[in-house]
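In: sequence unavailable; structure follows:
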């Protein structure tokens, strides 16, 4: 069950070399608790990894790396118009989206093809094409790393926000999520107002009735046209969050850059497109040593030439510095930096 000095390159989507002192892939709660007990006895830090799609490894990890393998799907309750479904944290996220649609459980279609696992989805509050996973999460189950004690938090307790949650704030690096309960609709509905998705559907499916299946297929097509497959070109998807600025700062920016893309943000702020800011600074397609910005999507940093984690981070820092100097806007990385 436990392995020592394991190279994590196959277990992170940036394909970065870093070794875990101890590595474990528990398939049950019992195996998880046994691994955590061993970590406590050895005073080892613990890192839940999932599929490694949201992490930049800049050095070896001196503790226990967990990769949960529980991929069970359990229908808990079916009511008029909705279902409650518990999903194991180890299930591949896109596979879960596909299976939910196959079962006639609707809502997650816009989140198709996002890399990672079900257990990682609440941490980041993953979102795409006008939808956030928090809209469909009923509760999150897991274990506190320091004690092995189980928890069960409802949606409100998770404190979801844009690309954020309790698991990135007060509980950051203190828990491992073991399952997520989703509340999904059994009534077909579509969310196709996001501009890129709406434009694709208008161009390719203008005469067809909109269905959740068609929306998911369109989401996959748009994502594949814009984002490189991490299995073919190592990346962690969007490297930076879309920044949010005050209305006053936005007005000043818009006066200088009338074409600046913008969207409603949280608490009255204005959300800017990080990709546009980066592109305006001339970074699209450029490399800094072996680390590169994707030629078609400025928000995606790729490991094209066997870069190290430190080299990927140096590229990110250089981009953020240029955006700050030109626009007075700070970019924050989406992935966790180790």
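Out: Now that the structure is in, tell me what you want to look at. All of these numbers come straight from a predicted model, not from anything done at the bench. Residues are numbered from 1 along each chain as shown.

In: got the contact list for the helix or strand bottoming out on mean pLDDT in the chain?
Out: Lowest by mean pLDDT, DSSP states H and E among the helices and strands of the chain is helix 195-204, with a mean of 82. With contacts defined as CB atoms under 8 Å, 6 or more residues apart in numbering, helix 195-204 is touched by 110, 129, 130, 192, 210, 214, 215, 218, 219, 221, 222, 226. The way it works is simple: take the backbone N, C-alpha and C, and place the C-beta from them, glycine included.

In: tell me which residues of it come out buried.
Out: The neighbour-count check on helix 195-204 (16 or more other CB atoms under 10 Å) flags 196, 197, 200, 201 as buried.

In: how close does the first one get to residue 261?
Out: So the one you mean is residue 196. In this view, residue 196 and residue 261 are 11 Å apart by CB to CB, to the nearest Å.

In: SS state for the nearest residue to residue 253 once chain neighbours are set aside?
Out: Residue nearest to residue 253 in three dimensions, not counting chain neighbours: residue 260, with 5.7 Å by CB to CB, 6 or more residues apart in numbering. Taken by DSSP: H, G, I helix; E, B strand; the rest coil, the conformation at residue 260 corresponds to coil.

In: so what's residue 260 up against?
Out: Per CB under 8 Å, 6+ apart, neighbours of residue 260: 253, 254, 272, 276.

In: just give me the neighbour total for residue 189.
Out: Using other CB atoms under 10 Å, residue 189 has 12 neighbouring residues.

In: what's the answer for residue 187, then?
Out: For residue 187, the count of nearby residues is 9 (other CB under 10 Å).

In: so it makes contact with residue 106?
Out: Yes - assessed by CB atoms under 8 Å, residue 187 is found in contact with residue 106 at 7.0 Å.

In: any idea how far residue 41 is from the residue nearest to residue 24 when sequence neighbours are not counted?
Out: Ranked by CB to CB, 6+ apart and with sequence neighbours excluded, the top spatial neighbour of residue 24 is residue 35, at 4.4 Å. Counting by CB to CB, the gap from residue 35 to residue 41 is 11 Å.

In: now do residue 88
Out: Residue 88 sits 26 Å away from residue 41, going by CB to CB.

In: so these two - more neighbours on which side?
Out: Higher neighbour count among residue 88 and residue 41: residue 88, with 21 against 8, using other CB under 10 Å.

In: I'd say that one and residue 142 touch.
Out: No - counting by CB under 8 Å, residue 88 does not reach residue 142; the two are 11.7 Å apart.

In: residues shared between the contacts of the two?
Out: Jointly contacting residue 88 and residue 142 under the rule CB under 8 Å, 6+ apart are 178, 179.

In: what sits against residue 185?
Out: By CB under 8 Å, 6+ apart, the contact list for residue 185 reads 81, 82, 105, 106, 107.

In: spatially nearest residue to it (excluding sequence neighbours)?
Out: Setting aside the residues directly before and after it, residue 185 is nearest to residue 106 in space (CB to CB, 6+ apart), at 4.7 Å.

In: neighbours around the one you found, how many?
Out: Residue 106 has 24 neighbours, counted by other CB under 10 Å.

In: tell me the pLDDT at it?
Out: Looking at residue 106, its pLDDT is 96.

In: which residue is nearest the centroid of the protein?
Out: residue 126 (4.9 Å; CA atoms, centre = their mean).

In: now the helices for the stretch 1-150 of the chain?
Out: Taking DSSP state H, counting those that start in this stretch, the helices of the stretch 1-150 of the chain run over residues 29-42, 93-102, 121-124.

In: quick one: the longest one to chain centroid distance?
Out: Offset of helix 29-42 from its chain centre (CA atoms, centre = their mean, to the nearest Å): 26 Å.
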